[in-house]
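*Asks:* Mind folding the following:
(one chain, ligands or ions: 1)
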Amino acid sequence: MVEEIFREEPYRRETEARIAAVSAEGIVLDRTVFYPRGGGQAGDAGVLVMRDGRQVAIADTIKGGGEGPRTILHVPAAAQEALVEALHPGDEVVARIDWDRRHRHMRLHTATHLLCAIVPHQTNGCSITAQYARLDFDMVEPLERETLERELARLVAEAHDVRTVWASDEELDAKPELVRTMSVKPPRGLGRVRLLEIDGVDLQPCGGTHVANTREIGALRVAKIEKKSARTRRVVLEFG
Ligand SMILES: [Zn+2]
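*Replies:* Presented below is the predicted three-dimensional model:
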């Protein structure tokens, strides 16, 4: 099993790691700070630094392992074949993410939680990249750009703390106020569920990476509001 450092330490930029496997699909490490594409959030890019200083450029990170134990595949960028061939199981490397790109993911991802708190409807699609965040709401009412931008700016300026909380099914049952702000219902029957809490604003199950306080998101603009189908309104956020 791979140690997923990004879960508890989203601000960690690098870690020492050992190569577990190298295949055509990608490189598996025993631990990593690279977030694998999932939950709408793009996978991380970065480098694996070898003992002799050579660097393998990583273009993307995805989940692997199929039905077996979950692994994380670090997918090399184009023209890295010769470097990848020099990697062997057991080798030590430093795994270092492209922090600027990841931080943009974290800021935009946290912004989508704010949007969920502002628009009281279920979502049915989500995509978070370094350039934009796209969120699809299951709703028929029109949305107003000015209102969304004003409310987003308010929640960013109010500097709400962001934290991960764990709750059991019993705790969720016993504390209905915990579920009140939830925009996505937590999965049940797994024993405990990982929730992302934006203090006083939003609470929902989420496994992505987020900033520690909403002020870190910075200025946002609503780049697009689209009627994607009769029952779907799409909102695209970009940095302001
Ligand atoms: Zn999230």
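
*Asks:* Let's verify Val75: helix, strand, or coil?
*Replies:* Taking DSSP: H, G, I helix; E, B strand; the rest coil as the rule, one finds Val75 in the strand state.

*Asks:* From Gln41, how far off is it?
*Replies:* 16 Å (Cβ to Cβ, to the nearest Å). Just so you know, the C-beta spots here come from the backbone N, C-alpha and C atoms, and that holds for glycine as well.

*Asks:* Show the contacting residues for the residue of the chain found nearest the ion.
*Replies:* Going by Cβ to the ion, the ion is nearest to Cys206 of the chain, at 3.2 Å. By Cβ atoms under 8 Å, 6 or more residues apart in numbering, the contact set of Cys206 is Gly39, His113, Val184, Arg194, Leu195, Leu196.

*Asks:* Highest neighbour count among these?
*Replies:* Among the contacts of Cys206, His113 has the most neighbours (other Cβ atoms under 10 Å), with 27 neighbours.

*Asks:* Next up, the contacts around that residue.
*Replies:* Taking Cβ under 8 Å, 6+ apart as the test, what His113 contacts is Ser183, Leu196, Ile198, Val201, Asp202, Gln204, Cys206, His210.

*Asks:* What of Ala230?
*Replies:* Ala230 touches Val140, counting by Cβ under 8 Å, 6+ apart.

*Asks:* Give me the distance between it and Asp138.
*Replies:* Counting by Cβ to Cβ - Ala230 and Asp138 are separated by 11 Å.

*Asks:* Could you do Ala82 as well?
*Replies:* 49 Å.

*Asks:* Compare the two and say which is more crowded by neighbours.
*Replies:* With neighbours defined as other Cβ under 10 Å, Ala82 and Asp138 compare such that Asp138 has more, 13 against 9.

*Asks:* Was I right to think the more buried one contacts Asn124?
*Replies:* Yes: the pair Asp138 / Asn124 is scored as a contact, 5.0 Å apart, by Cβ atoms under 8 Å.

*Asks:* center of this protein, which residue is that?
*Replies:* Gly208 (3.2 Å; Cα atoms, centre = their mean).

*Asks:* So what sits opposite Ala133 in the bridge?
*Replies:* Ile128, Leu237 (DSSP bridges).

*Asks:* For the closest residue to Glu14 other than its chain neighbours, give me the pLDDT.
*Replies:* Leaving aside its chain neighbours, Glu14 sits nearest to Arg96 (4.0 Å; criterion: Cβ to Cβ, 6 or more residues apart in numbering). Arg96 carries a pLDDT value of 98.

*Asks:* Would you report the backbone torsion angles of Arg96?
*Replies:* For Arg96, the backbone dihedrals are phi -130, psi 120 (criterion: degrees, to the nearest 10).

*Asks:* What of His88?
*Replies:* phi -140, psi 150.

*Asks:* Around it, count how many other residues there are.
*Replies:* If we define neighbours as other Cβ under 10 Å, then His88 has 9 of them.
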